[in-house]
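> Got a sequence here, can you model it:
(one chain, ligands or ions: 2)
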Amino acid sequence: MIRTLDDLDAQGAAVGVRVDINSPIGADGTLDDDSRLRAHRETLAELADRGARVVVLAHQGRPGGDDFTTLESHAARLGDLLPASVEYVDATFSAAARERVEGLDDGTVLVLENTRFYSEEVLQFPPEDAAETHLVRGLAPVLDAYVNDAFAAAHRAQPSIVGFPVRLSGYAGRVMERELDALGNIGETPTPRVYCLGGAKVDDSIEVAASVLDSGLADAVLTSGVVGNSFLHVSGVDLGAESTRVVNDRAGDRLAQAERLLSEYGDRLHLPVDVAVERDGERVEVAVADLPVEEPAMDIGSATVDAYADVLEDAGTAILNGPAGVFEDDRFAAGTDGLFAAATAAEYTIVGGGDTAAAIRHLDLEGFDHVSTGGGAALAMLTGESLPAVEALR
Ligand SMILES: Nc1ncnc2c1ncn2[C@@H]1O[C@H](COP(=O)(O)OP(=O)(O)OP(=O)(O)O)[C@@H](O)[C@H]1O
Ligand SMILES: O=C(O)[C@H](O)COP(=O)(O)O
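Ligands and ions are numbered 1, 2, ... in the order given. As a prediction, this is how the structure comes out:
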């Protein structure tokens, strides 16, 4: 059983709240998209409104990445989005951070510095060891409770995610609560269950396909994107040199597993029947039977959308992860547009994956029952795996 904010006595309490506001960063080093900050507004506003002293913990980027920045612009944007006053301090667990926490007024918010500026945060630990790190030992003494709202980072067993509930009472924030409700009981969703696996993270997606087919969670898997090209490749189709290069780049060492899935589940595993390429600057659709072509396959074609729509119209649950094509280029958005629209025919639709949610916003698509804030974390739930953050809260 996991406690929620309904179980927390917030008035006057210093509450550490781990959120996931890891966001695209522009060339000037400030936020390019604030959808993840907006997702956490409900939790942060509710705690401030109930008189808590809200201490925000979050990461941005990874060491060495060009999006590895301070949280100063995140704090400024939260200040615009929240009714409460929002301060920022360039410290996370030092005496300076503790002083600022102890000096907070009830009903106000303090954003601490990027947790990943500190080396142990990028390592993974069992909760008891995470509780002994400098971050948790330094900050826990000035907190009265801990809330984890960072569903999109829940698959990371890092100190700020799994260490605090060992020392403090832990609660799920509203984003975490909603995600667990939607994704936590995938085995009870209506059948037949149809997984639409696209995008470019081919190695992850082949793992997901294996997991949901071997476990019987999936009645059908519709492949698209580089994932679909990879299954075409292992089925013996010569895609052409460029597409084959992309497949080998992205599939890692998973092609043998894809081959096993194709031979064991050929009836449940659907492959594209046509693709779209760029020729003289235009979108041209090519039947798989007419491959190879030298241009890279950038989208699924309309015949594939129609074939997949036939499967989806009888679906109980449709789970989408990964766009069907390079949707960022208007010429290759038709596959994602058509497939995702067809998926809404299912009784219940779940979307998992940051780029997939971005595609939905980009294409202005509606009608999905749950659009997850997570990528890897959503995938773990969609394959019935447990998440370190959730186990730590339990
Ligand atoms: N046929 C294709 N060739 C090349 N790239 C493709 C193709 N189809 C889709 N993509 C790319 O796949 C990317 C998204 O794939 P990804 O697997 O990262 O999605 P996601 O799982 O929703 O994201 P995340 O898991 O990172 O939140 C898009 O940027 C898109 O351009
Ligand atoms: O954006 C995400 O997927 C989450 O914030 C996790 O980020 P990470 O993959 O750098 O841990």
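> C-alpha only now, for contacts and for neighbours.
Fine.
> which residues touch the nearest residue to residue 279 once chain neighbours are set aside?
The shortest distance from residue 279 to any residue that is not its chain neighbour, by CA to CA, 6 or more residues apart in numbering, is 7.4 Å, and that residue is residue 295. Applying CA atoms under 8 Å, 6 or more residues apart in numbering, one finds that residue 295 lies in contact with 240, 242, 243, 277, 278, 279.
> Just to be sure, which of these are found in helices?
In this view, the contacts of residue 295 that belong to helices under DSSP state H are 242, 243.
> What subset of the contacts of residue 295 is buried?
Those of the contacts of residue 295 that meet the buried threshold are 240, 243, 277, 278, by 16 or more other CA atoms under 10 Å.
> what sits against the second one?
For residue 243, the contacting residues are 229, 295, 296, 297, taking CA under 8 Å, 6+ apart as the criterion.
> hmm, back to that, if we look at ligand 2, which of the contacts of residue 295 are close to it?
Filtering these for proximity to ligand 2 by CA under 6 Å from any ligand atom leaves nothing.
> can I get the contacts of residue 295 in TSV with distance to ligand 1?
Supplementary listing: these in TSV, determined by distance: CA to the nearest ligand atom, whole Å:
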residue	distance to ligand 1
240	13
242	10
243	8
277	9
278	11
279	15
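> Pretty sure the residue nearest to residue 279 sits in a strand.
No. When the secondary structure is assigned by DSSP: H, G, I helix; E, B strand; the rest coil, residue 295 falls in coil instead of a strand.
> on that earlier part again, so which of the buried ones among the contacts of residue 295 is the closest to ligand 2?
Of all the buried ones among the contacts of residue 295, residue 243 has the smallest distance to ligand 2: 26.2 Å, by CA to the nearest ligand atom.
> any idea how far residue 43 is from the closest one?
When distance is defined by CA to CA, to the nearest Å, residue 243 is 44 Å away from residue 43.
> Could you pull up phi and psi at residue 269?
When read as degrees, to the nearest 10, the backbone of residue 269 gives phi -100, psi 110.
> picking that back up, max pairwise distance over the buried ones among the contacts of residue 295: which two?
Spanning the widest gap among the buried ones among the contacts of residue 295 are 240 and 278, at 13.6 Å by CA to CA.
> list the contacts for residue 206?
Taking CA under 8 Å, 6+ apart as the definition of contact, the neighbours of residue 206 are 227, 254, 257, 258.
> pLDDT, neighbour count and secondary structure added to those, as a markdown table?
What follows is the contacts of residue 206, written out as a markdown table (pLDDT from 0 to 100; neighbours: other CA atoms under 10 Å; DSSP: H, G, I helix; E, B strand; the rest coil):
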| residue | pLDDT | neighbour count | secondary structure |
| --- | --- | --- | --- |
| 227 | 98 | 29 | helix |
| 254 | 95 | 17 | coil |
| 257 | 97 | 16 | helix |
| 258 | 97 | 26 | helix |
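> Would you mind listing what in the protein touches ligand 2?
Proximity of the chain to ligand 2 (CA under 6 Å from any ligand atom) is limited to residues 20, 22, 61, 62, 152, 153, 375.
> how far away is the closest residue to residue 208 other than its chain neighbours from residue 292?
Residue nearest to residue 208 in three dimensions, not counting chain neighbours: residue 383, with 6.3 Å by CA to CA, 6+ apart. Distance of residue 383 to residue 292, computed by CA to CA: 34 Å.
> who has more neighbours, the two?
residue 383 (22 against 18; other CA atoms under 10 Å).
> Can you pull the phi and psi angles for that one?
Torsion angles at residue 383 (phi, psi; degrees, to the nearest 10) stand at phi -110, psi 10.
> I appreciate the help and will end here.
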